[in-house]
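Asker: A structural model of the following input is requested.
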Amino acid sequence: MRPLLSLQQVATRAFNTTARQMKNRVPEKQKLFQEDNGLPVHIKGGSIDMLLYRVTMTLTIFGTGLSCYWLLVASMPKSKAE
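Answerer: The predicted structure follows:
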């Protein structure tokens with residue numbers, strides 16, 4: 001029972017907000033994304049955001065194409081093999 005209690009104590013400390021103080025970076029990000037510099041949102045965040053945007057768009061286009069292909073295959077009548 002004692003190891004279980006110590007595990008509970010460690011888990012409580014790990015999720016406690018006072019154990020680790022994190023800097024609030026929201027105002028910095030708001031300032032960055034609200035700045036009117038003519039850039040789209042997916043570019044304002046830097047190269048990581050551009051990469052994530054491109055990967056997401058590639059997967060979306062590929063998935064849409066694959067779905068259309070399989071819908072076309074499913075809509076074709078099967079030929080009878082004699």
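Asker: End to end on stretch 42-51, go ahead and measure it.
Answerer: 9 Å (C-alpha to C-alpha, to the nearest Å).
Asker: Pull out the buried residues from it.
Answerer: By neighbour count on 16 or more other C-beta atoms under 10 Å, the buried set for stretch 42-51 is empty. No exception for glycine: its C-beta is placed from N, CA and C like everyone else's.
Asker: quick one: contacts of that stretch?
Answerer: 32, 33, 35, 37, 52, 53 (C-beta atoms under 8 Å, 6 or more residues apart in numbering).
Asker: Can you tell me which of these end up in helices?
Answerer: 32, 33, 52, 53 (DSSP state H).
Asker: Report the contact partners of the second one.
Answerer: Residues counted as contacts of residue 33 (C-beta under 8 Å, 6+ apart) are 41, 44, 45.
Asker: cutoff 7 Å now
Answerer: 41, 44 (C-beta atoms under 7 Å, 6 or more residues apart in numbering).
Asker: Report pLDDT for it.
Answerer: Note on residue 33: pLDDT of 90.
Asker: center of this structure - which residue?
Answerer: The centre of the chain sits closest to residue 52, judged by C-alpha atoms, centre = their mean, with a distance of 8.2 Å.
Asker: Return the residue spatially closest to that one, with its sequence-adjacent residues excluded.
Answerer: Among residues not flanking residue 52 along the chain, residue 42 sits closest, at 7.9 Å (C-beta to C-beta, 6 or more residues apart in numbering).
Asker: which intervals of the chain have sub-threshold pLDDT?
Answerer: 4, 12-20, 81-82 (pLDDT under 70).
Asker: Go again with 90.
Answerer: Within the chain, the segments meeting pLDDT under 90 span 1-22, 29, 32, 37-46, 77-82.
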